[in-house]
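**Student:** Got a sequence here, can you build the structure:
(2 chains)
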Number of protein chains: 2
Amino acid sequence: MKLYEYAPSGNCYKVRLLLAHLGVEYERIHMELRAGAARSPEFQAKTALMGRVPALELDDGSVLPESNAILCYLGEGTRYLPGDRLARAHALKWMFWEQYDHEPYIAVVRAWKAFWGVPAGREAELPMRVDRGYSALGVMEEHFSRHAWFTGADYGVADIALYAYTHVAGDGGFELDRFPEVRAWLARVAAQPGHVTIDQ
Amino acid sequence: MKLYEYAPSGNCYKVRLLLAHLGVEYERIHMELRAGAARSPEFQAKTALMGRVPALELDDGSVLPESNAILCYLGEGTRYLPGDRLARAHALKWMFWEQYDHEPYIAVVRAWKAFWGVPAGREAELPMRVDRGYSALGVMEEHFSRHAWFTGADYGVADIALYAYTHVAGDGGFELDRFPEVRAWLARVAAQPGHVTIDQ
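**Tutor:** Model (predicted):
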C-alpha cells in the first residue's frame, strides 16, 4: 500500500496511527501541499477529483481518499472497528461529527495559526472558529465524564479520528488545561500499544 | 422507532427516504428549530450534547444522531449498504465528503437564502460558499460521467446522502442546468421504488 500524505496533517496522521497499530507495512509518499502537488492532474485523476490527502493506494492500484473512510476500511475485521451494528453506528456518529463539528474549527484554526496564516479576507471567521472549537472540546469533555472511549467499550477508529487534531489543538491556541477529562483520554490514547506520534 | 426531525432539513429527509425504501414504520417528532427545541436540555441529554436533528430513537430507548451514521445503521444488511469491505469504504468516502465538502456549501447557502437569511456579520462567507458548492457539483458531474451511482454498482446510502441537498440546490440559487449528468442521476434516484419527496 502507498499512503499519499502531508505529514503534519492530522487527517494523514490518523491513517499512520492505525497502520502502526495494525503493524502493516506501507510506503509514504510526500505531497507538498504548498506547491500544489495534491492538485496536479495526475493526483486529481487518481482520487476522482477530490485531490486531497490522505489517499491510500491499495495493492490493486485503486485509491481511497477521505481519512475516516480509510480508517473504516483498514479497521474492518479488527479490534479497532466494532462488529456490532449499533456500536459501529455510534463510532461512525463520532467520525461524522469530527469532520463537521471539530475539524473545521480545531484543525483549521491550527492550520491558519501554525502553518499558513489566516487567508486574506477571512479574518472575521477566526473568532467564530475558535468558539466552535471550544464547543467541540466541551462536547468531548462531557462524553468522557461518562465514557472511556469514543469507539465503544474500547479504543478504536473514532478515538484515532478525534485524537489526531485534539492532541495538537494547542498549536491553534486552544487551552486544553480547561478540559481535564479530554486530557486524561489523550493520555490513554498515547499509552496504547503501538502508538506513534505525529512527527514520527 | 422515533425520528426527531425538522422536516425541510435535507439531513432529516435522508433518513425518511431510506426508512421509506425499507418500509419501516416510525413516529415523526417535529423539533421547531427556530424555537430552539433541539437545544433544550432534555434533547441535548438524549443526544449526548450534540443537540441536533435528525436523531433516531431506537426501540431500546437509545438515541443515534448524525444523519449519515443513521443511514449506515439502517442500511446494514440491506441492499442499500454494500457488504464488500472496499465498496463500503467508497460509499463512506462519499458520505464523509458530503458532510465536509457539500453540505456546508450547498445546504448552508440554501438555508441562508431560503429559510433563515445570512447571519449578521457572515455576509462575506456567501460568495465563498457558493463557489465551493459549485466545485462540489463539478466533482459529482465528473463522477457521473463514469458511474451511475455513488454507493457502488447500485443505488444506496451514499446516493441518499447526496440526493438530499443536491435536488433542492436550486433553493439556494445553484443552477443545476449546468450539470446534466447530475440531473440524470437525480432522475434515476427519484425513479427508485419506494421513493418519497422531501415534502411528504
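
**Student:** Tell me the confidence at the residue lying farthest from the centre of chain A?
**Tutor:** The C-alpha centroid of chain A is most remote from A:Gly121, which lies 27.0 Å away (CA atoms, centre = their mean). Per-residue confidence (pLDDT) for A:Gly121: 83.

**Student:** Nearest residue to it in space, please, no chain neighbours.
**Tutor:** B:Ala124 (6.6 Å; CB to CB, 6 or more residues apart in numbering or on different chains). No exception for glycine: its C-beta is placed from N, CA and C like everyone else's.

**Student:** didn't the one you found look like it was pressed against A:Ala124?
**Tutor:** Yes. The pair B:Ala124 / A:Ala124 is scored as a contact, 6.3 Å apart, by CB atoms under 8 Å.

**Student:** picking that back up, count the neighbours of the residue nearest to A:Gly121 for me.
**Tutor:** Applying other CB atoms under 10 Å in any protein chain shown, we find 13 residues neighbouring B:Ala124.

**Student:** ok, the nearest residue to A:Gly10 once chain neighbours are set aside to B:Val15 distance?
**Tutor:** Using CB to CB, 6+ apart and skipping the chain neighbours, the partner closest in space to A:Gly10 is A:Ala164 (3.6 Å). In this view, A:Ala164 and B:Val15 are 28 Å apart by CB to CB, to the nearest Å.

**Student:** and the next element down the chain from the lowest-mean-pLDDT helix or strand in chain A?
**Tutor:** None of the helices or strands of chain A scores lower by mean pLDDT, DSSP states H and E than helix A:41-46, at a mean of 77. Sequence-wise, the next helix or strand downstream of helix A:41-46 (DSSP states H and E) is strand A:55-57.

**Student:** And the strands in chain A, which stretches?
**Tutor:** A:2-5, A:27-30, A:55-57, A:63-65 (DSSP state E).

**Student:** So what touches the first one?
**Tutor:** The contact list for strand A:2-5, computed with CB atoms under 8 Å, 6 or more residues apart in numbering or on different chains, reads A:12, A:15-16, A:19, A:26-31, A:38, A:43, A:46, A:53-57, A:63.

**Student:** Ok, the last one next?
**Tutor:** Under the criterion CB under 8 Å, 6+ apart, residues A:4, A:46-48, A:50, A:52-58, A:70, A:73, B:86, B:89-90, B:93 lie in contact with strand A:63-65.

**Student:** Would you give the sheet partners of that strand, along with the direction of each?
**Tutor:** strand A:55-57 (antiparallel) (DSSP bridges).

**Student:** what sits up against the strand it pairs with?
**Tutor:** Taking CB under 8 Å, 6+ apart as the rule, strand A:55-57 contacts A:1-4, A:15, A:43, A:46-47, A:63-65, A:70, A:73-74.
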